[in-house]
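K.L.:
turn this into a structure:
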Amino acid sequence: MATIDDDLAKAVTEGFRQAQTDIANQDLILAGTGDVTVTLADGSKKTGPSWSKLITAANAAGTSAAAAATSATNAKTSETNANSSKTAAATSATNAKTSETNSKTSETNAKTSETNAKTSETNAKTSENNAAASLAAAQLLTSVPYEEAPYPDVWLPLNDSLKLDAGFAPYDTLTISGKVLELPTKSAAFTRSTTATYIDKSGVLQTAAINEPRFEREGLLMEGASVNYILNSNDPTKWSNNGTIDKLTITDGSTQAVTCQGTINTATGSAQLHASSNISVAIGDAVTLSARAKSSLGRLRLRFTLDGTQVAEAYFDGITGAALTSSGGVTYTTTPGGDGYSYISVTFTATAAGNVSGSFWFSSTSGNLAVGSVVYYQTIQCEKNPIATSYIPTGSAATTRTVDTLDLQASGNVGYRLSGDLINRVVAFELSVNRYVQPTVGYADIVTCPGARNDIITRLTASMMYSYRGSSGAGNSVAYPFSQKIFALSQDVTDTITAYFNGNSNAKTQGPTVATGAATSLRIQSNSYVIYHIRNFRIWHRLLTPNQIKGLR
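P.N.:
Below is the predicted model of the structure:
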């Protein structure tokens, strides 16, 4: 066994002790926190920061350095901003001076604005009121959609026949070889005791037989009685004239009517083509001349004499048909046609009793009509009537056309047994009033229920269209002439009637004048002061909503 001396053993022991101390110091420094105390080789003690404390301190120092750098940058920025603020302050001082000047101007403008504001306030109030009215109207138009009416209980189209699509009437019949056959159709009854002319839907002049209705483009033509005092109106060879015009009978124009073609044979200022026979008049009686006419130049002249002395006349342009001049207080109409002809009429009202004659002329605008100048006249008429009516062809004597009347049986159609019965009913139809003059009695009834006083479905006055249930009625404003407008009457069990026309409505509560009256028919009748067309006549034995009525077509 080997042995070591004491010095070596002591040295080895001291080495192990020191190594253990170093390991303990290392653990304190590396794993300790905060300050740690280590043992030195000579056995003395030393206190100092641990590794973790040093790392924390180093990190803090780094953060402080970065913050210091940021602060330096911010300081530089602040310096730059300070310089900018200084410049801005100088600019602001300048602007302040300008603002002071502008302030004076603004003060003046403010005073003007105050005055304008007062005006604007007033205008705004007016606009507010107008806007409210417009909104109400817009809501009325847009808030209620179209609502279709139910199928009518009575329907008389009156487009090209008297046939009923709904309602009550005797069945139509046809007689063949003495045998009467009943047809599946039912029709209204129409009467007129004479023939009558009309313009068909192709524009051609036609003649309707006795009791034959006349259907034109606007529907069934209805007019009162009249007499044409022009003799031989369809035979220009027999027309009276002053010898300065040659007459040729032709068929011309869209109407294909018998026409007088007059050619000037001697230069003259005015040439007469024809004159009427004398018409006895009292003060206030009206006489009307009418014709379709045109010329190559010059004027068309319609003239009246009273007991042989000229009392009134009117001139029309022979090419355009435009009215030119008139005298004697006459009224006139002119309607250009598509074939070069114009329909012209002139009405004279007598201021003294006597004999009136009307005549047709061709006149120059100045000087004389040259030889070869041509004028055309057709459907010439002179009638003792306040309006021009449809053409009445004549021979050697004045010829009459009688009144038009349409009747539909009352039973099942008018909606009541006695006029005092409380009923719900709506009546509607399409109406065109082509000419209207105020009758001497002040009104013209065109749709009525005879026998049931006063079930008057339509009464026309100078400015109103009424529906009567009793001694007064509901009415709407009207201006003549008008074409193809819907008129409707609603009547309910409270005896309130509401008349609808041209977008307006008016209601009135009025009981029957005679509650025990019984209608003998439902009648569409004519009047000498009115010319009108009617079609699409319908009745509902129930109430329709206002929206359904306004939507009727």
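K.L.:
flag the helix or strand of the protein with the lowest per-element mean pLDDT.
P.N.:
Lowest on mean pLDDT, DSSP states H and E among the helices and strands of the chain sits helix 51-142, with a mean of 58.
K.L.:
whichever helix or strand comes after it: how far from the chain's middle?
P.N.:
Counting by DSSP states H and E, the next helix or strand C-terminal to helix 51-142 is strand 154-156. Taking C-alpha atoms, centre = their mean, to the nearest Å, the mean C-alpha location of strand 154-156 is offset from the chain mean by 27 Å.
K.L.:
residues in contact with strand 154-156?
P.N.:
162, 164-168, 188, 408, 413, 536-539 (C-beta atoms under 8 Å, 6 or more residues apart in numbering). Every C-beta, even on glycine, is put in place using the N, C-alpha and C of the backbone.
K.L.:
repeat that for stretch 43-57.
P.N.:
Contacts of stretch 43-57 (C-beta under 8 Å, 6+ apart): 28-40.
K.L.:
can you tell me which of these is closest to Pro386?
P.N.:
Thr33 (129.1 Å; C-beta to C-beta).
K.L.:
contacts only, for the closest one.
P.N.:
50, 52-53.
K.L.:
quick one: those as a markdown table, columns for distance to Thr197 and neighbour count too.
P.N.:
A markdown table is the format used below for the contacts of Thr33 (distance: C-beta to C-beta, whole Å; neighbours: other C-beta atoms under 10 Å):
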| residue | distance to Thr197 | neighbour count |
| --- | --- | --- |
| Ser50 | 134 | 18 |
| Ser52 | 129 | 15 |
| Lys53 | 131 | 16 |
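K.L.:
make TSV out of these and add distance to Gly328.
P.N.:
Converted to TSV, the contacts of Thr33 look like this (distance: C-beta to C-beta, whole Å):
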residue	distance to Gly328
Ser50	137
Ser52	133
Lys53	134
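K.L.:
closest to Ser366 among the contacts of strand 154-156?
P.N.:
Checking those one by one against Ser366 (C-beta to C-beta), the nearest turns out to be Asn536, at 51.2 Å.
K.L.:
for the closest one, give its distance to Arg553.
P.N.:
8 Å (C-beta to C-beta, to the nearest Å).
K.L.:
just say helix, strand or coil for Thr21.
P.N.:
Three-state call for Thr21 (DSSP: H, G, I helix; E, B strand; the rest coil): helix.
K.L.:
tally of neighbours for it?
P.N.:
15 (other C-beta atoms under 10 Å).
K.L.:
ignoring the adjacent residues along the chain, who's closest to it?
P.N.:
Thr39 (5.2 Å; C-beta to C-beta, 6 or more residues apart in numbering).
K.L.:
so for the one you found, what's the pLDDT?
P.N.:
pLDDT, Thr39: 73.
K.L.:
same check on Arg535?
P.N.:
pLDDT, Arg535: 97.
K.L.:
quick one on the thing from earlier: so Asn536 and Arg553 - more neighbours on which side?
P.N.:
Asn536 (19 against 7).
K.L.:
of the contacts of stretch 43-57, closest to Ile245?
P.N.:
Thr33 (142.6 Å).
K.L.:
surely that closest one forms part of a helix?
P.N.:
No: counting by three-state DSSP, Thr33 is located in no helix; its state is coil.
K.L.:
hmm, back to that, just the buried subset of the contacts of strand 154-156, please.
P.N.:
162, 164, 167, 188, 408, 413, 536-539 (16 or more other C-beta atoms under 10 Å).
K.L.:
out of these, which one sits closest to Leu297?
P.N.:
For the buried ones among the contacts of strand 154-156, the nearest to Leu297 is Asn536 (44.7 Å; C-beta to C-beta).
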